[in-house]
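>>> please work out how this folds:
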Amino acid sequence: AMQRSVDALRDELLAETKERRAQAVATLEEVSMLQRGLQLRGDRGDPAQQQLASDLVELRERLARESRTREAAISQIEQRLASTKAMLQHAGDHRAGSPAPGAGAGPKAAVIAGASGSALASERWRQLEEETQQTRSALAA
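As a prediction, the model looks like this:
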């Protein structure tokens with residue numbers, strides 16, 4: 001009777017061991033499948049991440065180029081404005097009888113200095129404001 005109990009217990013232990021081994025194998029297979037799935041997702045994600053990084057670099061470069069272009073255009077407008085103001089001042093000083101600071105500065109200065117009245121200066125000022133507005137509109141677009 002004792003031997004039968006020991007044999008029954010041994011059989012139960014063997015059956016339990018087999019079940020646990022089968023469960024361990026099934027668990028290992030599931031873990032392996034999950035790891036493969038994660039690897040595949042990672043492999044698909046890497047190109048997308050690289051593309052996003054590339055797009056980000058491209059956007060930064062484009063933004064920097066546009067910023068430099070706008071700064072250059074603004075600087076050019078400021079230079080035109082200063083130049084026009086200087087020419088208008090020069091023409092006003094010349095009409096008032098004071099010596100021209102840039103006498104012999106070229107045909108453009110001679111035309112402005114020799115103009116009678118402020119009509120030419122007003123027209124030039126209007127043109128400059130128009131150009132400034134057009135440039136600002138172009139930069140805003």
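>>> the strand or helix carrying Q49 packs against which elements?
Q49 belongs to helix 2-95 when assigned by DSSP states H and E. Under the contact criterion of 3 or more CB pairs under 8 Å, 6 or more residues apart in numbering; DSSP states H and E, helix 2-95 touches helix 107-114, helix 119-140. Where you see a C-beta, it was placed from the backbone N, CA and C, and this is true even at glycine.
>>> that one to helix 119-140, inter-axis angle?
Angle of helix 2-95 versus helix 119-140, following axes from the mean of the first three to the mean of the last three CA atoms, to 10 degrees, is 180 degrees.
>>> select, out of the helices and strands packed on helix 2-95, the one closest to E61.
Closest to E61 of the helices and strands packed on helix 2-95, according to CB to CB: helix 119-140, at 18.8 Å.
>>> any residues touching that closest one, and which ones?
70, 73-74, 76-77, 80-81, 84, 87-88, 91-92, 112, 115 (CB atoms under 8 Å, 6 or more residues apart in numbering).
>>> ditto for stretch 62-74
Contact with stretch 62-74 is made by 135, 138-139, as judged by CB under 8 Å, 6+ apart.
>>> and the buried ones among those residues, selectable in ChimeraX?
Listed next is the ChimeraX selection for buried residues among these, using 16 or more other CB atoms under 10 Å:
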select :135
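>>> looking at the contacts of stretch 62-74, which is nearest R44?
Ranked by distance to R44 (CB to CB), these are led by L139 at 41.3 Å.
>>> is there a neighbour count for E130? I'd like the number.
By other CB atoms under 10 Å, 10 other residues sit near E130.
>>> quick one: it from S137, how far?
Note on E130: its distance to S137, by CB to CB, to the nearest Å, is 11 Å.
>>> quick one on the thing from earlier: starting at the chain centroid, how far to the helix holding Q49?
17 Å (CA atoms, centre = their mean, to the nearest Å).
>>> average pLDDT across that helix?
Across helix 2-95, pLDDT averages out at 88.
>>> stretch 119-137 now?
What stretch 119-137 shows for mean pLDDT is 80.
>>> buried sites along it?
Residues 121, 124, 128, 132, 135 are the ones in stretch 119-137 that count as buried (16+ other CB under 10 Å).
>>> all set now, cheers.
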